[in-house]
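> Give me a model of this one.
(2 chains)
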Amino acid sequence: MSSATPDPGTAGSPNTPDPTTPLGGPQVEEASPSAGGVIGDPTVADTSVPAVRRDTLGEGDNILQVRDLRKEFPITKGLLFKRQVDAVRAVDGVSFDVRRGETFGLVGESGCGKSTTARMICRLLDPTSGQIDFDGTDIAGLSRKQLVPFRRDVQMVFQDPYSSLNPRQTIGSIIGAPLDIHGLAKGDGERKRKVQELMDLVGLNPEHYNRLPHEFSGGQRQRIGIARAIALSPKLLIADEPVSALDVSIQAQILNLLRRLQRDLGLSLLFIAHDLSVVRYMCDRMAVMYAGEIVELATSEELYANPSHPYTRALLDAVPTPDPDARARRLAERGTAAV
Amino acid sequence: MPPSNAASAAPIAARSPLQLFWGRLRRDRVAMVALAFIGLVILIAIFAPLIVKAFGLPDPNFANDDALNDFGSPVGPSGAHPFGVDDRGRDVLSRVLYGARVSMLVAVIATAITMVVGTVLGLIAGFYRGKVDALLSRVTELTLAFPTILLGIGLSISCADGCKIGPGSASFVLQPGLAIVVLVISLTAWPYVARLVRGQVLSLREKEFVDASRSLGANDRRIIFREILPNLTAPLIVYATVLIPQNILAEAALSFLGVGVSPSTPSWGAMISDAIKIFDTAWWFMLFPGIALLLAVLAFNIVGDGLQDAINPRTGRSGK
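Here you go, the predicted structure:
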């Protein structure tokens, strides 16, 4: 398994510029299975196996605290007078913290609610209930106008590098849009200079300022999306499956770019993915989501070494391994087969 | 990849999207010929009186009895009248040149009104959805069910002596003629534009770049005008170039039926209508306005195709 995935020792060490946040140490100590328990979440009782959590909510220096976040999409009936007959619970009582300067991973299969969670945190969707504390302010109930200053601090990198860039705008106006909206560049000259700095920072040729998105490859487009997201110097960057639409060879470049930017700019990163090897490479801590709930939350190392929830084990066992013998051994050691 | 590009790409000058678009359009020779022809028609429409004078042609409404033969039938093309004369001895070439004025005026004004009304209503319906959309969509369907020709005939008959429109001092009197033609065409053509725009907006507003703009803190106005509207320019320009020939034909049809422009105004449709009575003896009377109408409509359609290819190079016929 270690032959297939990047160096597992990276978790926790290089991405944390802030020394006041101890990442590896204390959580690993209290991570014995008996210490992990259900954290005040009544809905967890629905699942046969309780959620496993190896840290306590609210400890450490948190930039983001999500508490009991829920999103229900109503199912309506009737043509003229719509009445709600039921609701899909896409996110069902999710709670987690993102520490300042860390990379927090959110993993799960398609449709488990991880993207919905991300879209609620940057308020593209309105939560049905729950709290989103960003830097001490609950932003879950803020109106669109009240949200404007907060937009500068939380930015998102989108999954699809093709539909996330307006095909009719030049790269210059795409990356310059956040500067325009928040009035951060006076005059065209300053705007162009700032945009070209950003392009250089993410590894794009600043000469391509006037080009249109369709003249770029997928990887370059994702760099454009990243440049737009960091234009406002956000504190928290949400990356919603930023590499799942890219070639494997390009994935590594984009992941390394995100890590470099995180280190250089002191970003906190909420990283969403379904590919466990990617998350393991990127994240200090991670949460596993299943059917709208978090079933396990631990440091990346701990989660890989000792997965407690059956769904986490199934997810880990599904990671492809080039060596069939190693895969058989791994399954035998765990005493499980893929569910 | 970008780092290695940096050195080699430096001397390449950046080209604006408009330059790229123009470059692609220029390569389409048929469209360029059609565009040149449209330019010519527009120039003729503007300078019709000067051109008529320069060629020494009679005024379009000058009925010259000498141009009719002994039996009162019009004479065919000759040196004095290159396109012949009509049943009242009026010069056909002169009338065809003046006819371009009516066609262009109706086409441009009616198309502009139609596009603006349709785009605004379609944008509102598609962007805000819900009850606004339901209401606007019903109004659209109601308007679609309106018969253009009957509306034109009805309006021009009931307004034969002028209709007062609007309240009090802000009112204006609607006279039969050009104003009614433009009104009828605009009233009945906008629903197609509104439907087209609404459908596009419904799909565009779900794109991730709209989400991205919203998460940057953009307001509705910025999203509508900066993110969505630029993506509508291609279908709108294409639809406008389809609509212009349709409106030229609609004007011709209304004039043909006698409810368009006033009888003395030279209009291609009205000329064809007049020519029907003497078609078997005076073929030139119907042929020349017919050719003018055909060429103008054809040119707009070809340019519309060319524009579509130039705006969407990846979906073009030549697969560039």
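
> Okay, buried residues for stretch B:230-237 please.
B:231-232, B:234-237 (16 or more other C-beta atoms under 10 Å in any protein chain shown). Bear in mind the C-beta positions are built from the backbone N, C-alpha and C, glycine included.

> Pretty sure B:G177 sits against B:V261.
Yes - when contacts are counted by C-beta atoms under 8 Å, B:G177 is listed as touching B:V261 (5.2 Å).

> So those two - more neighbours on which side?
Neighbours per residue, other C-beta atoms under 10 Å in any protein chain shown: of B:G177 and B:V261, the larger number sits with B:V261, 24 against 18.

> Low-confidence regions, chain A specifically.
A:1-56, A:58, A:79-80, A:333-339 (pLDDT under 70).

> of all the buried residues of stretch B:230-237, which two lie farthest apart?
The span of the buried residues of stretch B:230-237, defined through C-beta to C-beta, is set by B:N231 and B:I237 at 12.2 Å.

> Point out the other helices and strands that the helix or strand where A:P149 lies packs with.
Assigned by DSSP states H and E, A:P149 falls within helix A:144-151. Contact partners of helix A:144-151 among helices and strands, from 3 or more C-beta pairs under 8 Å, 6 or more residues apart in numbering or on different chains; DSSP states H and E: none.

> in that helix, what counts as buried?
A:147-148, A:150-151.

> try stretch A:272-290
For stretch A:272-290, by 16+ other C-beta under 10 Å, it's A:272-274, A:276-290.

> just stretch B:38-55 next, same as before
In stretch B:38-55, counting by 16+ other C-beta under 10 Å, buried: B:38, B:41, B:44-45, B:48, B:51-52.

> Please name the residues that touch B:L35.
Contacts here follow C-beta atoms under 8 Å, 6 or more residues apart in numbering or on different chains; on that basis B:L35 touches B:299, B:303, B:306.

> where do the helices sit along the chain?
You didn't pick a chain, so chain A it is. A:25-29, A:114-121, A:144-151, A:171-181, A:187-201, A:218-230, A:248-265, A:276-282, A:300-305, A:310-317, A:324-334 (DSSP state H).

> oops, I was thinking of chain B
Using DSSP H, helices in chain B cover B:2-8, B:17-26, B:29-54, B:92-128, B:130-144, B:148-158, B:178-204, B:208-215, B:220-222, B:229-256, B:268-275, B:283-311.

> do the fourth one and chain A meet at all?
Put plainly, it is helix B:92-128. No - against chain A, helix B:92-128 shows no contacts by C-beta under 8 Å from any C-beta of the partner chain, the least distance being 14.4 Å.

> could you say what helices and strands that helix packs with?
Using 3+ C-beta pairs under 8 Å, 6+ apart, helix B:92-128 sits against helix B:29-54, helix B:130-144, helix B:178-204, helix B:229-256, helix B:268-275, helix B:283-311.

> Tell me which other helices or strands the shortest one touches.
Contacts defined by 3+ C-beta pairs under 8 Å, 6+ apart place helix B:268-275 against helix B:92-128, helix B:229-256, helix B:283-311.

> Now render those as TSV, adding mean pLDDT and distance to A:K77.
Below are the helices and strands packed on helix B:268-275 laid out as TSV (pLDDT from 0 to 100; distance: least, C-beta to C-beta, whole Å):
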stretch	mean pLDDT	distance to A:K77
helix B:92-128	92	23
helix B:229-256	87	34
helix B:283-311	89	42
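
> Using a markdown table, lay out those together with distance to B:V201.
Converted to a markdown table, those look like this (distance: least, C-beta to C-beta, whole Å):
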| stretch | distance to B:V201 |
| --- | --- |
| helix B:92-128 | 3 |
| helix B:229-256 | 7 |
| helix B:283-311 | 18 |
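
> most centrally placed residue in chain A?
Chain A has A:F271 as the residue nearest its centroid, 2.4 Å off, counting by C-alpha atoms, centre = their mean.

> So which residues on the stretch 201-320 of chain B come close to chain A?
So the stretch 201-320 of chain B meets chain A at B:207-209, B:211-219, B:222, B:226-227, B:230-231, B:233, B:314 (C-beta under 8 Å from any C-beta).

> Write out the residues of the stretch 151-300 of chain A neighbouring chain B.
So the stretch 151-300 of chain A meets chain B at A:151-152, A:154-156, A:158-160, A:163-170, A:177-178, A:181-182, A:203-205, A:207-212, A:214, A:219-220, A:223, A:225, A:228, A:232, A:253 (C-beta under 8 Å from any C-beta).

> Let me see the contact set for residue 121.
Assuming you mean chain A. Counted by C-beta under 8 Å, 6+ apart, A:I121 has contacts A:64, A:66, A:132, A:134, A:154, A:238, A:270.

> wait, I meant chain B there
Contacts of B:L121 by C-beta under 8 Å, 6+ apart are B:136, B:140, B:190, B:194, B:197-198.

> Out of the helices of chain A, the one nearest B:F285 is which?
When the helices of chain A are compared (using C-beta to C-beta), the closest one is helix A:171-181, at 55.9 Å.

> How about A:D92, nearest residue that isn't a chain neighbour?
Among residues not flanking A:D92 along the chain, A:G292 sits closest, at 3.8 Å (C-beta to C-beta, 6 or more residues apart in numbering or on different chains).

> The one you found is in contact with A:C112, isn't it?
Yes - using C-beta under 8 Å, A:G292 makes contact with A:C112 at a distance of 6.7 Å.

> ok, back up a step: quick one, phi/psi of the residue nearest to A:D92?
phi 80, psi 0 (degrees, to the nearest 10).

> what's the burial count for it?
Count around A:G292 with other C-beta under 10 Å applied: 24.

> Over to the one 4 residues further on?
Around A:E296 there are 26 other residues, counting by other C-beta under 10 Å.

> what are the phi and psi angles of A:V319?
phi -70, psi 120.

> Then A:E102?
The phi/psi pair for A:E102 (degrees, to the nearest 10) is phi -100, psi 170.

> Quickly note the distance from it to A:R285.
7 Å (C-beta to C-beta, to the nearest Å).

> same deal with B:R29?
B:R29 is 63 Å from A:R285, by C-beta to C-beta.

> ok, now B:F146?
Counting by C-beta to C-beta, the gap from B:F146 to A:R285 is 64 Å.

> Likewise for B:P74?
Taking C-beta to C-beta, one finds B:P74 at 94 Å from A:R285.

> Can you give me the buried ones in stretch A:136-145?
So, applying 16+ other C-beta under 10 Å, buried residues of stretch A:136-145: A:139-140, A:142.

> Next: stretch B:73-91.
B:74-76, B:81, B:83-87, B:89-91.

> end-to-end on stretch A:122-133?
12 Å (C-alpha to C-alpha, to the nearest Å).

> what's the answer for stretch B:164-175, then?
OK, stretch B:164-175 end separation, C-alpha to C-alpha: 9 Å.

> in it, what's buried?
Across stretch B:164-175, burial judged by 16+ other C-beta under 10 Å covers B:L174.

> Tell me which residues touch whichever residue of the stretch 51-200 of chain B sits closest to chain A, please.
Per C-beta to the nearest C-beta, B:A134 is where the stretch 51-200 of chain B lies closest to chain A, at 8.8 Å. B:A134 makes no contacts at all, as judged by C-beta under 8 Å, 6+ apart.

> quick one: it from A:K82, how far?
11 Å.
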